[in-house]
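Peer 1: Okay, sequence plus prediction incoming.
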Amino acid sequence: MITGELNGKIDRVWDAFWSGGISNPLEVIEQITYLLFIRRLDDLNTLAEKKARLTGVGDIVKTCGSVIFRRPP
């Protein structure tokens, strides 16, 4: 069952997409999936950097072309 708090969060996300010009539910799901994928890449990169710091191997930065995924300090 969806609680009131969760329902409110879902509504806020939906409103953000709607006000950004994305009103098709399939497009919203596509964008959320993309954001979750990027978040997972960032989490894995952060974990690799932490492991590199602990083992002393050096700073590992995953790149995609000229883009570097890095969390702000």
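Peer 2: Received, thanks. Numbering: from 1, shown residues only.

Peer 1: Mind jotting down where the helices sit in this structure?
Peer 2: Here the chain has its helices, by DSSP state H, at 4-19, 25-55.

Peer 1: tilt between the first one and helix 25-55?
Peer 2: Read it as helix 4-19. Helix 4-19 runs at 110 degrees relative to helix 25-55, counting by axes from the mean of the first three to the mean of the last three C-alpha atoms, to 10 degrees.

Peer 1: So for helix 4-19, what gets flagged as buried?
Peer 2: Neighbour-count burial for helix 4-19 flags Phe17 (criterion: 16 or more other C-beta atoms under 10 Å). Where you see a C-beta, it was placed from the backbone N, CA and C, and this is true even at glycine.

Peer 1: pull the helix or strand with minimum mean pLDDT from this protein.
Peer 2: strand 63-64 (a mean of 58; mean pLDDT, DSSP states H and E).
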